[in-house]
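**Student:** Below are the sequence and a predicted model for it; my questions follow.
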Amino acid sequence: MVPGQEPNMGRSVATDPGERAYATMVAKAQSLVPQLRERAARTEELRHLPLETERDLHDAGLFRMLQPRRIGGSELDYVALIDCAELLGRADASVAWNLANLASHHWMLGMFEPRAQDLVWGRDPDVLIASSFIFPAGRASKVEGGYRLHGSWPFSSGVGSCEWNMLASVVSSDDEADGIEYRIFLLPKADYKILDTWNVAGLRGTGSSDVEVRDAFVPEHMTVAVRDLAGGATPGSGVNPNPLYALPVFSLFPYVLSGVALGNAQACLDDYAEVARHRISTYNRAKLSDFQSTQIKIAEASAKIDAARLIMRAACIEAMEHARGKHTPDMAIKTRYRRDGAFSVNLCTDAVSMLFAASGARGLFTTGVLQRQFRDAHAINSHLAFNFDAAGTNYGRVALGLPSENLTL
């Protein structure tokens, strides 16, 4: 895609309230790009989002794009996560990462029991909720009225700005016949400790610190079993009947964040093309735009990015169609969603790596954005959801008639 040209994100002329709300949200995200890009260096220095950035996201309603309409949210289709994260990712991947993460938690809370929703949103519908969905990091045991939870969880993005946290844990039982249960626990800030551990090379501005819980009591209604998030009716369906809240959560987990990789890669391509259009070679004074190698790099990178966009959006749109038809995807479809989520982000990472290498020594300067885009691309790609070996192996197992090894699907 040439710089200045917007991608066709599958948008059509808005003719109903849902389409108009979607178009408005995308436009708000687009309007924030210039100032977010200007703040990117400062965001990295802070290691978390600046207060003015959080306020901009709140004022635009972006955190609440998937929140139920009955609470005042926009209740947009799931694909909005891809499209809005892509746009913000063109400015700063750290901002897009936190926006997509925290917005998705409003979506997930809509699947909890209504009592949990009322407690959280009744106090403040704008409240931010962090997470860490690393199940082995915690241990929970069933007690009267709820659970006792303890553990230490890494990578809780944006946690410093949040009043609540969704923490994943294995539930232990004295009876081995009960098997392994995966459950998500919703805790107030007073019940966990934030550990300042986020000193990293990429996605530096996300503030993804560790959190620690020591023997907290979590009421039953403030938890949800992973098996209740596999697609179809959830504990929150009675108050939130929109198909959005019947999607299979962990099957679609990669698409919470994949738009960030997409936007970061698109920005890298646009910046590379803009420089190549005007730059003169240091050695022979030839215009870089005349080099066939430059032209081929732009073609290949843009093809990878465009393909990634199509793959990501198609999965989200298909999942919404399944939910509207009250059809729960089978394991073959669920593992395909995970496969495609990883594959599409890998395409974006490949595009950025290729453009970084093609930029030569210019990309090494910390005063430029290319080195940040490269670091952020590889930080995004390091997320387990984008590990193609893991996603591909499980897809292949299911395709060959073997059981899935992913217990969250």
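**Tutor:** Thanks, I have the structure now.

**Student:** alpha carbons only for contacts and neighbour counts from here, please
**Tutor:** OK.

**Student:** Which positions within stretch 50-66 qualify as buried?
**Tutor:** 50, 53-54, 56-58, 60-66 (16 or more other Cα atoms under 10 Å).

**Student:** can I get those residues in CSV with distance to S156, pLDDT and secondary structure?
**Tutor:** Below are these laid out as CSV (distance: Cα to Cα, whole Å; pLDDT from 0 to 100; DSSP: H, G, I helix; E, B strand; the rest coil):
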residue, distance to S156, pLDDT, secondary structure
P50, 17, 97, coil
T53, 19, 98, helix
E54, 17, 98, helix
D56, 21, 98, helix
L57, 19, 98, helix
H58, 20, 98, helix
A60, 23, 97, helix
G61, 22, 97, coil
L62, 19, 98, helix
F63, 16, 98, helix
R64, 19, 98, helix
M65, 21, 98, coil
L66, 20, 98, coil
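
**Student:** and which of these is nearest to A21?
**Tutor:** Of all the buried residues of stretch 50-66, M65 has the smallest distance to A21: 9.3 Å, by Cα to Cα.

**Student:** The closest one: what's it in contact with?
**Tutor:** Shown in contact with M65 (Cα atoms under 8 Å, 6 or more residues apart in numbering): 25, 73-76, 80, 103.

**Student:** All the helices of the protein, residue numbers only.
**Tutor:** Applying DSSP state H to the chain gives helices spanning 17-46, 51-60, 79-89, 93-109, 114-123, 254-278, 292-324, 331-358, 370-381, 388-399.

**Student:** so how far is the fourth one from its chain's centroid?
**Tutor:** The chain centroid and the centroid of helix 93-109 are separated by 6 Å, computed with Cα atoms, centre = their mean, to the nearest Å.

**Student:** now swap in the third one and tell me
**Tutor:** Centroid separation between helix 79-89 and its chain, computed with Cα atoms, centre = their mean, is 9 Å.

**Student:** what is the rounded mean pLDDT of it?
**Tutor:** Averaged across helix 79-89, the pLDDT comes to 98.

**Student:** again with stretch 124-139
**Tutor:** 97.

**Student:** Run through the stretch 301-409 of the chain and note the low-pLDDT ranges.
**Tutor:** Within the stretch 301-409 of the chain, the ranges that satisfy pLDDT under 70 run 361-367.

**Student:** hmm, 90 instead?
**Tutor:** Filtered on pLDDT under 90, the stretch 301-409 of the chain yields the residue ranges 358-368.

**Student:** L244: neighbour count?
**Tutor:** 25 (other Cα atoms under 10 Å).

**Student:** Please apply the same query to the one 3 residues further on.
**Tutor:** For L247, the neighbour count with other Cα under 10 Å is 30.

**Student:** how close does it sit to E44?
**Tutor:** Distance, L247 to E44, using Cα to Cα, to the nearest Å: 34 Å.

**Student:** thinking again about what came up before, quick check, nearest of the contacts of M65 to G238?
**Tutor:** E75 (15.6 Å).

**Student:** Per-residue pLDDT of V275, please?
**Tutor:** At V275, the pLDDT value in this model is 86.

**Student:** One more: R11?
**Tutor:** pLDDT recorded at R11 is 46.

**Student:** same thing with K287?
**Tutor:** pLDDT at K287 comes out at 78.

**Student:** What separation do you get for it and G368?
**Tutor:** Where G368 is concerned, K287 sits at a distance of 21 Å (Cα to Cα).
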